[in-house]
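> Return atomic coordinates for the entry below.
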Amino acid sequence: MSYRYATERVDHSALASGQVLRSAPGYPGFPVRMASELLQRAMVHVEGDRVRLWDPCCGSGYLVAVLGLLHRDQLTHVRATDVDEDAVGIAARNLELLTAEGLAERERELRRSARDFGRVAFVERAGSARDLAAGLAAMGGDLPHESGVADVFTMTDPVGADLVITDVPYGEMTHWDGSVPDGDPIRALLSSMGRVLPRSAVVVVTARTRRVPLPEGVRALERVKVGNRSAVLVRARDLAAL
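Predicted structure coming up:
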């Protein structure tokens with residue numbers, strides 16, 4: 001299969017953290033090309049051509065917002081949750097950028113900043129917001145979304161998602177919070193996904209590490225390594241027994 005990330009050299013500078021999407025100290029971004037690659041790899045393993053996407057450790061919501069803007073035509077719904085209320089507040093504002101009105105308001109905000117502070121950079125960012133709005137419209141328009149506070153380690157209610165993509169804390173700018181179990185938080189995260197997701201769902205976990213560990217007996221659908229980040233793709237039904 002040919003992936004778009006491999007055949008197209010697209011300028012993703014408009015999606016840089018803090019350009020149009022909102023950022024805050026302590027909430028890192030994510031490599032845009034890798035995010036796109038991971039979604040497209042995962043789409044090979046899911047059922048159907050369009051999916052419901054969820055990030056259970058969303059931070060600022062940057063990762064899922066970027067994927068929504070890049071791949072609106074492959075997504076039907078985006079969900080972002082985190083145990084950090086402040087993070088979810090930022091994520092909610094970023095997910096609003098998955099709508100025409102949200103991007104229009106962001107463009108107006110950036111143009112006001114350009115006027116008030118006399119900085120050309122804000123004019124360029126406003127233009128990027130307008131361009132993103134045009135791209136979103138071309139792929140199907142507003143993308144339904146929701147955000148909320150949730151502790152990934154204690155979740156028990158079913159979640160309607162076909163695909164999870166999440167970048168887990170790695171101890172530099174980010175850290176685990178909530179009801180963090182002793183020993184192996186990644187195993188606990190995967191166990192939670194096995195409890196709440198449909199069995200056919202695909203889970204993608206990324207981290208700044210040489211290799212994302214999997215519990216014994218869990219088979220990787222794929223592994224990906226880009227720079228100092230690695231990712232693993234697994235099927236939710238293979239996590240149910242954890």
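
> any idea how far the residue of the chain positioned farthest from its centre is from A16?
What lies farthest from the middle of the chain is G118; by C-alpha atoms, centre = their mean that is 32.9 Å. Applying C-beta to C-beta, to the nearest Å, the value for G118 to A16 is 22 Å. In this view, the C-beta of every residue, glycine as well, is placed from N, C-alpha and C.

> After the host helix or strand of S113, which helix or strand is next? Please name it.
Counting by DSSP states H and E, the element that carries S113 is helix 100-117. Along the chain past helix 100-117, the next helix or strand (assigned with DSSP H and E) turns out to be helix 120-138.

> Just give me how far that following helix sits from the chain centre.
Centre-to-centre, helix 120-138 and its host chain are 20 Å apart (C-alpha atoms, centre = their mean, to the nearest Å).

> Now do the buried residues in that helix.
F122, R125, A126, S128, A129, R130, L132, A133, L136 (16 or more other C-beta atoms under 10 Å).

> Can you pull out the residues in contact with stretch 186-197?
56-57, 152-159, 161, 164, 166, 168, 180-181, 201, 203, 205, 207, 212-215, 218, 234, 236-242 (C-beta atoms under 8 Å, 6 or more residues apart in numbering).

> Likewise for stretch 106-116?
V20, L97, R119, V120, A121, F122, V123, R125, A126, A129, R130, A133.

> Report the mean per-residue pLDDT for that stretch.
Averaging pLDDT along stretch 106-116 gives 95.

> how about that stretch: buried residues?
R106, E107, L110, R111, S113, A114.

> same check, this time on stretch 42-51
A42, M43, H45, V46, R50, V51.

> Same check on stretch 151-166?
V152, F153, M155, V159, A161, D162, L163, V164, I165, T166.

> circling back: and the buried residues of helix 120-138 as a markdown table, adding distance to M193 and pLDDT?
Shown next, in a markdown table, are these (distance: C-beta to C-beta, whole Å; pLDDT from 0 to 100):
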| residue | distance to M193 | pLDDT |
| --- | --- | --- |
| F122 | 40 | 93 |
| R125 | 36 | 95 |
| A126 | 39 | 96 |
| S128 | 34 | 96 |
| A129 | 34 | 97 |
| R130 | 37 | 97 |
| L132 | 30 | 97 |
| A133 | 33 | 97 |
| L136 | 28 | 97 |
